[in-house]
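>>> Make a model of this:
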Amino acid sequence: MAGDTQGTGSAMADKPTRSASYAPLAVRARLAAALRTLGEWLARTGIQDRSIDELIHHLWRLPTVTADDFRAWEESGPDLVAMALGGPMPAALVEKCNRAAAAPEDLYELVRHTAEIVYVNLYGAVDDHETLGHLAAVEQIAGRYSVILPPAQFFARSPYGSHGWGPQLTSGDVDHWRTADTTTA
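Here you go, the predicted model:
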């Protein structure tokens with residue numbers, strides 16, 4: 001993997017990062033920012049893949065999941081969750097990256113860090129520092145392709161409360177986060 005994916009290298013330390021502005025926001029907002037950034041990265045590189053689309057759809061569902069439907073959400077995870085949690089990258093994705101002149105390890109790390117924003121916190125207390133570190137990694141990797149995180153104020157309706165997860169969101173809230181123009185925040 002080229003570069004420092006944790007955002008701790010000297011180049012990143014010399015200037016403030018947009019991911020730092022997400023400190024007052026909930027894990028749900030950080031996930032949404034990473035998903036928007038991953039989607040933009042995929043569009044910019046021209047990489048299209050059904051398994052990535054399924055994973056992104058699965059992760060977008062999480063902000064609306066309640067305690068009553070968590071197990072069903074967890075069990076419905078697509079095959080690519082295994083890669084997102086550190087498993088091998090499917091050969092077909094490596095080939096798509098190579099054809100698009102995008103480093104396969106960049107896609108791998110973008111997916112991994114996006115998923116870890118939430119998965120690292122699913123079975124214990126929210127690790128605020130770690131979730132921000134994963135978001136900073138997404139920002140750094142995407143930045144190599146001139147893709148930037150959406151402005152934090154776009155997600156201001158999800159403050160860091162409820163043990164770090166923020167308020168429960170509706171499907172309408174998530175649809176807005178997923179599709180609205182972030183430049184009008």
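>>> Look up how far Gly133 lies from Gln48.
Using C-beta to C-beta, to the nearest Å, Gln48 is found at 29 Å from Gly133. To be clear about C-beta, it is placed using only N, CA and C from the backbone, and glycine gets the same treatment.
>>> more crowded one of the two?
Set Gln48 next to Gly133 and count neighbours by other C-beta atoms under 10 Å: Gly133 wins out with 20 against 11.
>>> tell me which element the more buried one falls in.
Assigned by DSSP states H and E, Gly133 falls within helix 128-143.
>>> Point out where the chain drops to low pLDDT.
1-16, 159, 162, 184-185 (pLDDT under 70).
>>> For Val94, give me its contacts.
By C-beta atoms under 8 Å, 6 or more residues apart in numbering, the contact set of Val94 is Pro104.
>>> in stretch 166-177, what counts as buried?
The neighbour-count check on stretch 166-177 (16 or more other C-beta atoms under 10 Å) flags Gly166, Leu169, Asp173, Val174, Trp177 as buried.
>>> Closest to Asp106 out of the residues you listed?
The shortest gap between Asp106 and any of the buried residues of stretch 166-177 belongs to Trp177, at 23.7 Å (C-beta to C-beta).
>>> Just say helix, strand or coil for the closest residue to that closest one other than its chain neighbours.
The shortest distance from Trp177 to any non-neighbouring residue, by C-beta to C-beta, 6 or more residues apart in numbering, is to Ala32 (4.6 Å). Here Ala32 is helix, with the state taken from DSSP: H, G, I helix; E, B strand; the rest coil.
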